[in-house]
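S.K.: fold the following and give me the result.
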Amino acid sequence: MGSAIVTSALRLLQLVAALAALSLAAPVRAATDIAWWHAMSGELGRQLEKLASDFNASQSDYRIVPAYKGNYTETVTAAIFAFRSRSQPAIVQVNEVATATMTAARGAIYPVFSLMRDMHEPFSLTDYLPAVSGYYTDAAGNLLSFPFNSSTPILYYNKTMFRDAGLDPDAPPKTWPELGAAAKRLRDRGAACGFTTSWPSWIHVENFSAFHNLPLATRGNGFAGLDAELTINNPVVVMHIAQLAEWQKTKLFDYGGRGQAAEPRFQKGECGIFIGSSATRADIRANSKFEIGYGMMPYWPDVKGAPQNSIIGGATLWVLRDRPREEYKGVARFFAYLSQPGVQAAWHQNTGYLPITRAASELTRTQGFYERNPGSAISFEEITLNPPTENSKGIRLGSFVLIRGAIEDELEQAFAGQKSAQAALDSAVERGNKLLRQFERASPER
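M.R.: Got it, this is the predicted structure:
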């Protein structure tokens, strides 16, 4: 019995010693919180939250904390004001047309290529799709911000209406003349309109120019300097807008408004063809009561160099300066996580946004997703149709949100028959160039 008491006492002493050793050891380090301000609500917001929570669960050193701040304009405005009060987040989501504005704010941003190098995280620009990453690089080809949610315009069509009109439901129109002919057949069969589109400047000026390998502006669409000038009043764009205005008279084309205002007209079966963002594919499928077909954007076959490749819309993740180094380590780790093929493939499949790497697209293909979901590969095929040129790499123009508004003002006057296509685009160039000069004068690079 005495032996048993001694043994128990020894065990108790060992337990006490172990507990003492634990108490003397360094305390468990809390995860470093990293603020991520974003502009995604609804289902896209839920997918974004899932990305953050999955990353947080994959390691214990860092915790991404997403915060919805309203639309893109509201989000970047909030970040600017926060930076002034030194309460800025480490990561902010900014739409693609504000790239020049962010690039000009050199003292406020931490370029992604520098971040990944400084934090010793694996990073190779060649892993990313050139048509996506090229939009966010500097003149030397260095990635400034992290591509996140990228989309491109594609063609949707109502297969049921095509059959009723005697059109081949498995043959989407590939050229603008083919689209015009299909629209006429649809109208002759009683369709309220042949086709409509969303985002008029993004589709009919910006992507139209890229797809036809035409410059939107001088100086490599602004990539080579702030002294760029718009060139959208060239004969090809004028011809295209004039044709749309002519089709508008008989509702072969029916202008449906800015942004995504026209999309419901396709979903309700009013218009048989719709050109809109690839990222609305899931929404269109959920709200349409007919079989949907998919195709690439049309092109004018007599334009040399067409079709080239489309360009992106969407947003990117910028890293802001003056945060603790430990946060930047976590940001770099998070970006490396987002680049993993499995993570990118899931984001692509769940949202309709483009994968930012070829590996993610190939994984999606081998998983059978494209085969199970017809049309889901169109956006990737279109944006990688040809290697990007100086004309189809993207746009780097200051105040482009305002410029896009001026372009759409003028397009609306052309579609309404209030101005000729030439006069409307001449005015858009004049107004846009004034905004470019204002941005140039205000830029610290000047």
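S.K.: need the three-state assignment for the residue lying closest to Ala377 once chain neighbours are set aside.
M.R.: Once flanking residues are discounted, Ala377 sits nearest to Tyr370: 4.2 Å by Cβ to Cβ, 6 or more residues apart in numbering. Any C-beta I mention is one placed from the backbone N, CA and C, and that applies to glycine too. For Tyr370, the assignment made with DSSP: H, G, I helix; E, B strand; the rest coil gives helix.
S.K.: so what's Tyr370 up against?
M.R.: Applying Cβ atoms under 8 Å, 6 or more residues apart in numbering, we find Tyr370 in contact with 364, 376-377.
S.K.: export these as JSON lines, with columns for neighbour count.
M.R.: Below are the contacts of Tyr370 laid out as JSON lines (neighbours: other Cβ atoms under 10 Å):
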{"residue": "Thr364", "neighbour count": "22"}
{"residue": "Ser376", "neighbour count": "19"}
{"residue": "Ala377", "neighbour count": "16"}
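S.K.: JSON lines for those residues, including pLDDT, secondary structure and distance to Val65?
M.R.: Shown next, in JSON lines, are these (pLDDT from 0 to 100; DSSP: H, G, I helix; E, B strand; the rest coil; distance: Cβ to Cβ, whole Å):
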{"residue": "Thr364", "pLDDT": "96", "secondary structure": "helix", "distance to Val65": "29"}
{"residue": "Ser376", "pLDDT": "90", "secondary structure": "coil", "distance to Val65": "31"}
{"residue": "Ala377", "pLDDT": "93", "secondary structure": "coil", "distance to Val65": "34"}
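S.K.: will you turn these into JSON lines that also has distance to Ala183?
M.R.: Listed next are these as JSON lines, based on distance: Cβ to Cβ, whole Å:
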{"residue": "Thr364", "distance to Ala183": "33"}
{"residue": "Ser376", "distance to Ala183": "25"}
{"residue": "Ala377", "distance to Ala183": "25"}
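S.K.: which one of those residues is nearest to Gly352?
M.R.: The shortest approach to Gly352 among the contacts of Tyr370 belongs to Ser376, at 7.5 Å (Cβ to Cβ).
S.K.: can you give me phi and psi for the closest one?
M.R.: Main-chain dihedrals, Ser376, degrees, to the nearest 10: phi -70, psi -20.
S.K.: relative to Ser443, how far out is the closest residue to it other than its chain neighbours?
M.R.: In space, and not counting its chain neighbours, Ser376 is closest to Tyr370: 5.5 Å by Cβ to Cβ, 6+ apart. Distance, Tyr370 to Ser443, using Cβ to Cβ, to the nearest Å: 43 Å.
S.K.: could you do Arg219 as well?
M.R.: Arg219 is 14 Å from Ser443, by Cβ to Cβ.
S.K.: could you find the closest non-adjacent residue to Ile275?
M.R.: Ile275 sits nearest to Thr197 (Cβ to Cβ, 6+ apart), 4.2 Å away.
S.K.: how far away is that neighbour from Tyr72?
M.R.: Distance from Thr197 to Tyr72, by Cβ to Cβ: 21 Å.
S.K.: same check, this time on Ala346
M.R.: Ala346 is 24 Å from Tyr72, by Cβ to Cβ.
S.K.: cool, and Asn433?
M.R.: Taking Cβ to Cβ, one finds Asn433 at 24 Å from Tyr72.
S.K.: give me the more crowded residue out of those two.
M.R.: A count of neighbours by other Cβ atoms under 10 Å puts Tyr72 above the other of Asn433 and Tyr72, at 20 against 16.
S.K.: give me the contact list for the helix or strand containing Ala406.
M.R.: Ala406 belongs to helix 400-415 when assigned by DSSP states H and E. Residues outside helix 400-415 that contact it (Cβ under 8 Å, 6+ apart) are 73, 97-98, 100, 200-202, 204-205, 230, 232, 241-242, 244-245, 248, 255, 258, 397, 419-421, 423-425, 427-428, 431-432, 435-436.
S.K.: where do the helices sit along the stretch 301-446 of the chain?
M.R.: With DSSP state H, counting those that start in this stretch as the criterion, the stretch 301-446 of the chain has helices at 325-338, 341-351, 358-366, 369-372, 378-383, 400-415, 421-442.
S.K.: now the stretch 151-300 of the chain
M.R.: Using DSSP H, counting those that start in this stretch, helices in the stretch 151-300 of the chain cover 159-164, 176-188, 200-201, 208-211, 218-221, 235-248, 263-267, 281-287.
S.K.: among the ones you listed, which comes closest to Pro89?
M.R.: helix 281-287 (28.3 Å).
S.K.: does anything pack onto the closest one? Which helices or strands?
M.R.: Applying 3 or more Cβ pairs under 8 Å, 6 or more residues apart in numbering; DSSP states H and E, one finds that helix 281-287 contacts strand 153-158, helix 263-267, strand 292-295.
S.K.: paired strands for the first one, with orientation please.
M.R.: According to DSSP bridges, strand 153-158 forms sheet pairs with strand 271-277 (antiparallel), strand 292-295 (antiparallel).
S.K.: C-alpha coordinates for the longest one, PDB please?
M.R.: Taking Å, rounded to 0.1, in the frame of the first residue of the first chain, the C-alpha atoms of strand 271-277 are listed here in PDB:
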ATOM      1  CA  CYS A 271     -35.500  39.800 -76.900                       C
ATOM      2  CA  GLY A 272     -34.100  36.600 -78.400                       C
ATOM      3  CA  ILE A 273     -30.400  37.600 -78.100                       C
ATOM      4  CA  PHE A 274     -28.500  39.300 -75.300                       C
ATOM      5  CA  ILE A 275     -24.900  40.300 -74.900                       C
ATOM      6  CA  GLY A 276     -23.800  40.700 -71.300                       C
ATOM      7  CA  SER A 277     -21.300  39.800 -68.700                       C
END
